[in-house]
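*Asks:* Could you work out the structure for the sequence below:
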Amino acid sequence: MKRRDFLRGAATAGIGLAGAAAFGELAGQSTPKPPQRKGKNVADLKLAPMDRVRVAIIGVGARGSGHVSQLCALEGVEVKAICDLYQDWADRSAAVVVKAGQPAPTLYVGDPYGYKKMLDRKDIDAVFICTPWQWHTPMALEAMRKGKHAFIEVPAALTIEECWALVDTAEETQRHCMMMENVNYGREELMVLNMVRKGALGELLHGEASYIHDLRGQMHEEERGTGSWRTLEYMSHDGNLYPTHGLGPVAQYMNINRGDRFDYMSSMSCNSRVRSIYAKEHFPAGHKWRKRAFVCGDINTSIIRSVKGKTIMVQWDEQLPRPYTRHNMIQGTKGVWAGFPGRLVIEDKFKDKEGKVRGTESWLQGGDLNAVYEEFDHPLYKSEGELAVKMGGHGGMDFLMLWRIIYCLRNGEPMDQDVYDAAAWSAVTPLSIESVANRGKSVNFPDFTRGGWKTTAPLAIFDPKAK
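*Replies:* Down below sits the predicted model:
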């Protein structure tokens, strides 16, 4: 199936889809009246433990194929089915399953709606959705309505309407709906979470989160692959199109949706320049990447304020010539951690080589951080980090995320990220687009928890050895 036919099908696939213009109409979406709850709150949702977890994967390209390999390495997982548009990609992942000693999974290939037939099966417990953005919400809704848990690549939703649809459906069906924000399982991010839980930085006041990643090279994926559909988004919308990698960890540090929540946000973008320059330098006259203008600002900066007065700066830039960073900065009354490279200041805690207490005018960094990791490394990383690094996936964070998902399903434990996180973190995109279009005017975050944030406990520090 050609890509244009796939996107044409997406336009009618379900709620919120609009083909290449995936984010849809946004005016007035920031302050709608919350829909009335039809189900029950799913924060800390506990369900019956599963002896085995039977999974299906939709989309086995760059992300999905990696998940297949790592899921096959986890005890108690059976890969039952794979759905993709391309036969060679489906065959490649099916071979991985067979090599791992499992029966060949059933393949659903070529039909953009083949996932619907796959989800009719009774021998699937959980679905991993690794498709282009505009398919995430429709596929997750279908999965939950058919009794499956939905695990979605980022972002989980593209509009406020889609965010509410995920929340409502998870509450009605009492199914897990988790956006797979893998960065929350990086060693640094886990360590900082443990550090702030122990109060080392004091009361948290401000964070900085980003996704700065030069992805212009994806434009050469013209017919299939991430660039074939993602490039179109830069031609259609101006805002923060990919906020969650930096934001997810900072939101967990700050107990967002678990004692606090996002309140409002203001967003601005600079001019759009670099992708047009890249297209002219790397593609011939008349090429499709040169026929339309790129409208998304080369860098977007948003400021979020929480109900309890914390602030977060969120930046996004997937085109400027600049080294990769997620910032990962968290500031408290006693000190600050900043990433890329990792640096730390904690008032009155560390001593210099002469034995004097270090002041706050210089960073603790480099090899001096070894003692910090020794003190604050997360128990999950201490237990499974060596295996995670060996298994790979963004330095092991992908494997740790999947390990934890399967652990929670098999032990009847709540997920570390729930549908309210998926909605709140994803909502930054449509709200930023709305704010940018209105000269940075602040826009309100819906309370996707409907007040549940006031009583939901902060995410605990999970220790595998304590179980």
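
*Asks:* only C-alpha atoms for contact and neighbour calcs from this point on.
*Replies:* Will do.

*Asks:* any chance you could map the strands in the stretch 101-250 of the chain?
*Replies:* Taking DSSP state E, counting those that start in this stretch to define them, one finds strands in the stretch 101-250 of the chain at 106-109, 126-129, 149-152, 177-179, 204-212.

*Asks:* of those strands, which approaches residue 425 most closely?
*Replies:* Set against residue 425 and scored by CA to CA, these come closest in strand 177-179, at 9.4 Å.

*Asks:* and the closest one, how far out from the chain's middle?
*Replies:* With CA atoms, centre = their mean, to the nearest Å as the basis, strand 177-179 stands 9 Å off its chain's centre.

*Asks:* One more: stretch 341-352?
*Replies:* With CA atoms, centre = their mean, you get 30 Å for stretch 341-352.

*Asks:* now the helices for the stretch 201-350 of the chain?
*Replies:* 226-234, 244-253, 274-282, 288-291 (DSSP state H, counting those that start in this stretch).

*Asks:* so which of those is the most packed in?
*Replies:* With neighbours defined as mean count of other CA atoms under 10 Å, these peak in mean count at helix 244-253, which reaches a mean of 25.

*Asks:* Report all helices and strands that that one contacts.
*Replies:* helix 187-197, strand 204-212, strand 329-332, helix 419-426 (3 or more CA pairs under 8 Å, 6 or more residues apart in numbering; DSSP states H and E).

*Asks:* Which parts of this protein belong to which domain?
*Replies:* Per the record, the chain has its domains at 3-33+49-181, 184-466, by automatic domain parsing.

*Asks:* State the mean pLDDT of stretch 346-365.
*Replies:* If you average the pLDDT over stretch 346-365, you get 90.

*Asks:* Distance from it to the middle of the chain?
*Replies:* With CA atoms, centre = their mean as the basis, stretch 346-365 stands 35 Å off its chain's centre.

*Asks:* give me the number of residues near residue 307?
*Replies:* As a burial measure, residue 307 scores 14 neighbours (other CA atoms under 10 Å).

*Asks:* Skipping its backbone neighbours, what lies nearest it in space?
*Replies:* In this structure, residue 307 finds its nearest non-sequential neighbour in residue 263, 5.1 Å apart by CA to CA, 6 or more residues apart in numbering.

*Asks:* cool, and residue 301?
*Replies:* Residue 301 sits nearest to residue 315 (CA to CA, 6+ apart), 4.6 Å away.

*Asks:* returning to that earlier point: can you put the strands of the stretch 101-250 of the chain in a markdown table and add distance to residue 117?
*Replies:* Rendered in a markdown table, the data for these read as follows (distance: least, CA to CA, whole Å):
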| stretch | distance to residue 117 |
| --- | --- |
| strand 106-109 | 8 |
| strand 126-129 | 13 |
| strand 149-152 | 16 |
| strand 177-179 | 20 |
| strand 204-212 | 36 |
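
*Asks:* most packed of the ones you listed?
*Replies:* strand 177-179 (a mean of 28).

*Asks:* so what strands line up beside it?
*Replies:* Sheet pairing of strand 177-179 (DSSP bridges) gives strand 149-152 (parallel).

*Asks:* Residues touching the partner strand, excluding its own?
*Replies:* The contact list for strand 149-152, computed with CA atoms under 8 Å, 6 or more residues apart in numbering, reads 125-130, 136, 140, 143-144, 175-180.

*Asks:* Tell me the one among these nearest to residue 352.
*Replies:* Of the contacts of strand 149-152, the one sitting nearest to residue 352 (CA to CA) turns out to be residue 180, at 40.5 Å.

*Asks:* pretty sure that closest one contacts residue 130?
*Replies:* No. Applying CA atoms under 8 Å, one finds residue 180 not in contact with residue 130, separated by 9.8 Å.

*Asks:* so what sits against both of the two?
*Replies:* With CA under 8 Å, 6+ apart as the test, residue 180 and residue 130 both reach 152, 153.

*Asks:* re the thing from before, from the helices and strands packed on helix 244-253, which stretch is densest packed?
*Replies:* When the helices and strands packed on helix 244-253 are compared using mean count of other CA under 10 Å, helix 419-426 is most buried, at a mean of 28.

*Asks:* for that helix, what is the average pLDDT?
*Replies:* Average pLDDT, helix 419-426: 98.

*Asks:* Please apply the same query to stretch 443-462.
*Replies:* 98.

*Asks:* what's the burial count for the nearest residue to residue 343 once chain neighbours are set aside?
*Replies:* Among residues not flanking residue 343 along the chain, residue 365 sits closest, at 4.8 Å (CA to CA, 6+ apart). Residues within reach of residue 365, counting by other CA under 10 Å, total 15.

*Asks:* I'd like the distance from stretch 231-248 to the chain centre, please.
*Replies:* On CA atoms, centre = their mean, the centre of stretch 231-248 falls 12 Å from that of its chain.

*Asks:* just stretch 182-200 next, same as before
*Replies:* The answer for stretch 182-200 is 16 Å, by CA atoms, centre = their mean.

*Asks:* What of stretch 330-337?
*Replies:* Using CA atoms, centre = their mean, the offset of stretch 330-337 from its chain centre is 24 Å.

*Asks:* Run through who's touching it.
*Replies:* Looking at what lies outside stretch 330-337 - CA under 8 Å, 6+ apart - the contacts are 192, 200-208, 250, 253, 328-329, 338, 343-347.

*Asks:* at 10 Å what do you get?
*Replies:* Outside stretch 330-337, the residues within contact range by CA atoms under 10 Å, 6 or more residues apart in numbering are 192, 195-196, 199-209, 249-250, 253-254, 310-312, 327-329, 338-339, 343-349, 360, 363-364.

*Asks:* What would it look like as PDB? C-alpha coordinates only.
*Replies:* Written as PDB, here are the backbone C-alpha positions of stretch 330-337 (Å, rounded to 0.1, in the frame of the first residue of the first chain):
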ATOM      1  CA  ILE A 330      15.300  20.200  38.300                       C
ATOM      2  CA  GLN A 331      15.800  23.000  40.800                       C
ATOM      3  CA  GLY A 332      14.900  22.800  44.500                       C
ATOM      4  CA  THR A 333      15.400  24.900  47.600                       C
ATOM      5  CA  LYS A 334      18.500  22.900  48.500                       C
ATOM      6  CA  GLY A 335      20.100  22.300  45.100                       C
ATOM      7  CA  VAL A 336      19.800  21.500  41.400                       C
ATOM      8  CA  TRP A 337      20.500  18.700  39.000                       C
END
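
*Asks:* Quick check: mean pLDDT of that stretch?
*Replies:* Mean predicted confidence for stretch 330-337 is 98.

*Asks:* Tell me the buried residues in stretch 377-392?
*Replies:* Residues of stretch 377-392 classed as buried by neighbour count (16 or more other CA atoms under 10 Å): 377, 378, 379, 380, 381, 384, 385, 388, 389, 391.

*Asks:* Look up how far residue 187 lies from the third one.
*Replies:* With distances taken as CA to CA, to the nearest Å, residue 379 is found 10 Å from residue 187.
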